[in-house]
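Visitor: return atomic coordinates for the entry below.
(one chain, ligands or ions: 1)
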Amino acid sequence: MNGAAKGEAPGPLASGSLRVQHHLLLCATPSKPLCVDPAVGAASWDRLKRLVRELGLEDPSRAEGVVWRTKADCLRICGGGPILLIWPEGITYGGVTPERIDRILLEHVIGGQPVSEWIVQRASFDGPP
Ligand code: FES
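Guide: Residues are numbered from 1 along each chain as shown. Model (predicted):
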């Protein structure tokens, strides 16, 4: 058992090891909707899932590594959402829409160039210099 839902392909842990390029966390439909119009959040999540799949970003043989996506309940911004956090850069985008998902995936995740005008926060696991 690898956690894959019935009828879906095995999850990425099925192979035992995996290279991950990015992890995308989207506050789309939080239980306390503090930052999100639920309709925009749900549409953004649907677009993110579909585009990640269409672009082949979940392919474990992808040279750059796979792209994970997770629907998060809250990313501790709680305003101006939907909120999208991308690791390993620690870049948080606000005001996400389905249209913005397209540009963020193409320019940031694939192209390596964050979309600066929509960034609301930068975070790091590094301590102070
Ligand atoms: S409810 Fe969206 S970040 Fe907290």
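
Visitor: report the rounded mean pLDDT for stretch 119-129.
Guide: The average pLDDT within stretch 119-129 is 84.

Visitor: buried residues, that stretch. List them.
Guide: V120 (16 or more other CB atoms under 10 Å). To be clear about C-beta, it is placed using only N, CA and C from the backbone, and glycine gets the same treatment.

Visitor: which residues of the protein fall in helices?
Guide: For the chain, the helices defined by DSSP state H occupy 38-54, 98-103.

Visitor: between those, which one is closest to the ligand.
Guide: The ligand lies closest to helix 38-54 among the helices of the chain, at 8.4 Å (CB to the nearest ligand atom).

Visitor: give me the contacts around the closest one.
Guide: Here helix 38-54 makes contact (CB atoms under 8 Å, 6 or more residues apart in numbering) with 24, 26-30, 33, 58, 67, 69, 71, 81-82, 84, 96-98, 100-102, 105.

Visitor: contacting residues around the residue positioned nearest the centre of the chain?
Guide: Centroid check for the chain by CA atoms, centre = their mean gives L24 as the closest residue, at 2.0 Å. Neighbouring residues of L24 by CB under 8 Å, 6+ apart: L48, V52, V67, W68, R69, T70, L84, L85, I86, V109.

Visitor: going through the residues you listed, which ones are buried?
Guide: Buried, going by 16+ other CB under 10 Å: L48, V52, V67, W68, R69, L84, L85, I86, V109, out of these.

Visitor: and those, which two are the farthest apart?
Guide: Among the buried ones among the contacts of L24, the pair separated by the greatest distance (CB to CB) is V52 and L85, at 15.1 Å.

Visitor: re the thing from before, of the buried ones among the contacts of L24, which ones also sit close to the ligand?
Guide: Among those, no residue is within reach of the ligand (CB under 6 Å from any ligand atom).
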